[in-house]
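[1] Dropping a prediction and its sequence here:
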Amino acid sequence: MRVVWQLLAVVAVWAIGGQCVSAVDGNPWLTLGLGLVTAVLALLVYRWVVGRTERRPVTELAREGAARGLRRGTLIGLVLFAAVIANIALLGDYEVNGLGSVSGAVGLVGFMAAAAVTEEVVFRGVLFRIVEERAGTVIALTLTGVLFGLMHLANPDANLWGAIAIAIEAGGMLAAAYAATRSLWVPIGVHFGWNFAAAGIFSTEVSGNDTPQGLLDSVASGSKLVTGGDFGPEASVYAVLFGVLLTLAFLWLARRRGNLVPRGGRRTDLTGAATTVPR
């Protein structure tokens with residue numbers, strides 16, 4: 001029953017916070033404020049419900065190393081998406097015409113913070129962690145990755161390839177980041193850095209969501225295989241390639257640290273190892 005109570009609690013924050021943020025669409029300062037409040041509430045509710053239902057310290061959200069994990073994760077996400085855009089630009093399929101909207105970028109900080117935190121506590125904090133206990137790391141990574149991709153089919157400009165790309169590059173990468181660190185701070189940072197770079201800096205579509213303009217006035221054109229088309233660069237072959245490479249790197253780190261859970265078994269010391277971040 002713990003998975004039911006945990007999902008009910010964190011999904012409630014996700015749904016209510018998302019509705020509030022959507023209601024102030026067009027007002028960047030309210031979007032920033034409500035987005036950050038939603039992110040904080042999601043963390044507090046997750047910590048409370050997991051602590052109550054599992055009766056243990058919620059070490060995956062340990063305060064020690066939190067700032068470092070967020071910084072490193074955010075940097076990884078920013079650099080990774082910048083690499084995707086750089087490769088698309090080298091082919092002449094992404095161009096910058098000048099500055100875009102600073103206020104739009106401000107609002108996107110809150111919007112993407114809310115999205116990153118709520119989605120990570122649901123998919124990696126609850127679903128991946130609990131499935132992994134019963135089925136092992138690889139099966140949990142695969143199942144939650146597929147669910148993560150399918151969720152994005154509800155977006156306005158979504159398509160099947162985009163959902164598959166998200167499942168591979170993001171669902172796998174973010175779960176592997178959690179497995180490697182046993183902390184939610186790094187995957188939250190990677191998720192936020194990736195999304196904010198996509199919308200807040202490079203002004204591209206994020207998962208077919210019709211996101212507002214960010215810092216740069218840009219245009220992407222050319223092959224959908226390269227640019228991702230209406231879904232955005234997350235459906236680009238470059239995003240899939242770089243996402244897979246980072247997934248493998250995180251899994252290698254998880255194996256090196258002894259954090260991989262074998263199929264059908266559980267290592268009881270995993271939650272106790274949740275304070276480390278990649279070095």
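    Perfect, I can see it now. These numbers were taken from a predicted model, which means no experiment stands behind them.
[2] List the buried residues of the strand or helix carrying Leu241.
    Applying DSSP states H and E as the criterion places Leu241 in helix 237-256. Of all the residues in helix 237-256, those buried under the rule 16 or more other C-beta atoms under 10 Å are 237-240, 242-243, 246-247, 249-251, 253-254. From N, CA and C alone the C-beta is placed, and that goes for glycine too.
[3] Grab the nearest non-local neighbour of the residue nearest the centre of the chain.
    Note on the chain: the residue nearest the mean C-alpha position is His191, at 3.0 Å, using C-alpha atoms, centre = their mean. If the residues on either side of it in the chain are set aside, His191 comes closest to Ala116, at 3.9 Å by C-beta to C-beta, 6 or more residues apart in numbering.
[4] how many neighbours does the nearest residue to Arg263 once chain neighbours are set aside have?
    Leaving out its chain neighbours, the residue that sits closest to Arg263 by C-beta to C-beta, 6+ apart is Gly136, at 3.9 Å. Gly136: 18 surrounding residues under other C-beta atoms under 10 Å.
[5] Return the list of helices and strands in contact with the helix ranked longest in the chain.
    Counting by DSSP state H, the longest helix found in the chain is helix 28-54. Under the contact criterion of 3 or more C-beta pairs under 8 Å, 6 or more residues apart in numbering; DSSP states H and E, helix 28-54 touches helix 2-23, helix 102-120.
[6] Check the ones you listed for me and report the most buried one.
    With neighbours taken as mean count of other C-beta atoms under 10 Å, these reach their highest mean count in helix 102-120, at a mean of 23.
[7] Between helix 2-23 and that one, find me the angle.
    170 degrees (axes from the mean of the first three to the mean of the last three C-alpha atoms, to 10 degrees).
[8] Which elements pack onto the following helix or strand past helix 102-120?
    Downstream of helix 102-120, the first helix or strand assigned by DSSP H and E is helix 129-135. When contacts are defined as 3+ C-beta pairs under 8 Å, 6+ apart, helix 129-135 sits against helix 2-23, helix 137-151.
[9] Next one, pLDDT for the closest residue in space to Gly35 that isn't next to it in sequence please.
    Excluding the flanking residues, the one nearest Gly35 by C-beta to C-beta, 6+ apart is Gly110, at 2.5 Å. Gly110 carries a pLDDT value of 95.
[10] Against Arg124, how distant is Val84?
    Distance, Val84 to Arg124, by C-beta to C-beta, to the nearest Å: 22 Å.
[11] Tell me where this structure is predicted with low confidence.
    Counting by pLDDT under 70, the chain contains low-confidence ranges at 265-279.
[12] Give me the contact list for stretch 150-157.
    Residues outside stretch 150-157 that contact it (C-beta atoms under 8 Å, 6 or more residues apart in numbering): 158, 160, 162-163, 166-167, 205, 207-210, 230-231.
[13] Taking the residues you listed together, which two end up most distant?
    Using C-beta to C-beta, the two most remote members of the contacts of stretch 150-157 are Ala167 and Asp210, lying 21.0 Å apart.
[14] Right, I'll leave it there.
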